[in-house]
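Enquirer: Can you look at this prediction? I've put the sequence above it.
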Amino acid sequence: MVIQRSKVPITVLVFGLILAIGNDGIRLASDRAFNAALAKDEVGRTDEPSGVYRQFARAFSLQQQPDFKAAVAAYAIIDAEPHSRMHLDIKYNLANLYFREAMRLRDEKSDDLAMPLLELAKQNYVDVLRVDSDHWDAKYNLELALILSPELDPADPMEERNPEHSPRALTVMPSREPLP
């Protein structure tokens, strides 16, 4: 049988489409298996996910579980482009993770362990807001973190030498009234 010259490009095109559909089918089956494992909280039993989005999904799933260290480690291995949307989401989720762990430690009366985590949370919220100043969730959570651990202003050396000339002196100094 002789193939006509005009049918060769069509045959190659059909063969290429069949290969592409097969490849997409294999990827779809892999993604479905990974999503099923995530839904059943069997993330540790799945193979190491490939791709940034699968790594992010795995890290987020670990964040929902009480294993703080595993979630932080999972976010740390994600190789996202700096200042990309994925990078901002990683920073924001890490900040939330640190914030929740700090609150848990504060409830257990471990303020000495909670404060460094609270500082990490604040730093990550600030990093997100430097890139996306309209990120309202980061603004709100940063405000909560600042209420719990306010930033201290560096002391003015002139205030320490002459406290009566400090702008705060009028509010702190007792008022002088003449004696009767």
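Expert: Arrived safely, thanks for sending. Source: prediction; values computed, not measured.

Enquirer: pLDDT weak spots in this protein?
Expert: When the per-residue scores of the chain are filtered using pLDDT under 70, the ranges that remain are 1-8, 30-31, 33-50, 151-180.

Enquirer: where exactly do the helices run in it?
Expert: Taking DSSP state H as the criterion, the chain contains helices spanning 7-39, 52-64, 68-76, 85-107, 111-131, 136-148, 157-161, 169-172.

Enquirer: Could you export these as JSON lines, including mean neighbour count?
Expert: No exception for glycine: its C-beta is placed from N, CA and C like everyone else's. Listed next are these as JSON lines, based on neighbours: other Cβ atoms under 10 Å:
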{"stretch": "helix 7-39", "mean neighbour count": "11"}
{"stretch": "helix 52-64", "mean neighbour count": "19"}
{"stretch": "helix 68-76", "mean neighbour count": "16"}
{"stretch": "helix 85-107", "mean neighbour count": "19"}
{"stretch": "helix 111-131", "mean neighbour count": "18"}
{"stretch": "helix 136-148", "mean neighbour count": "15"}
{"stretch": "helix 157-161", "mean neighbour count": "10"}
{"stretch": "helix 169-172", "mean neighbour count": "9"}
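
Enquirer: Asp132 - how many residues pack around it?
Expert: Neighbourhood size, Asp132 [other Cβ atoms under 10 Å]: 14.

Enquirer: Surely it is in contact with Leu88?
Expert: Yes. Contact criterion Cβ atoms under 8 Å: Asp132 and Leu88 qualify, at 5.9 Å.

Enquirer: show me the contacts for the closest residue to Phe99 other than its chain neighbours.
Expert: Counting by Cβ to Cβ, 6 or more residues apart in numbering, Phe99 lies nearest to Ala121, which is 4.0 Å off, once chain neighbours are set aside. Applying Cβ atoms under 8 Å, 6 or more residues apart in numbering, one finds that Ala121 lies in contact with Ala95, Asn96, Tyr98, Phe99, Ala102, Asn141, Ala145.

Enquirer: got TSV for these, with distance to Gly51 too?
Expert: Compiled in TSV, the contacts of Ala121 are given as follows (distance: Cβ to Cβ, whole Å):
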residue	distance to Gly51
Ala95	24
Asn96	23
Tyr98	25
Phe99	28
Ala102	31
Asn141	28
Ala145	32
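
Enquirer: Now the two most distant members of these.
Expert: Within the contacts of Ala121, Ala102 and Asn141 form the most distant pair, 11.6 Å apart (Cβ to Cβ).

Enquirer: how close does the closest residue in space to Asp127 that isn't next to it in sequence get to Leu105?
Expert: The shortest distance from Asp127 to any non-neighbouring residue, by Cβ to Cβ, 6+ apart, is to Lys91 (5.2 Å). Lys91 sits 21 Å away from Leu105, going by Cβ to Cβ, to the nearest Å.
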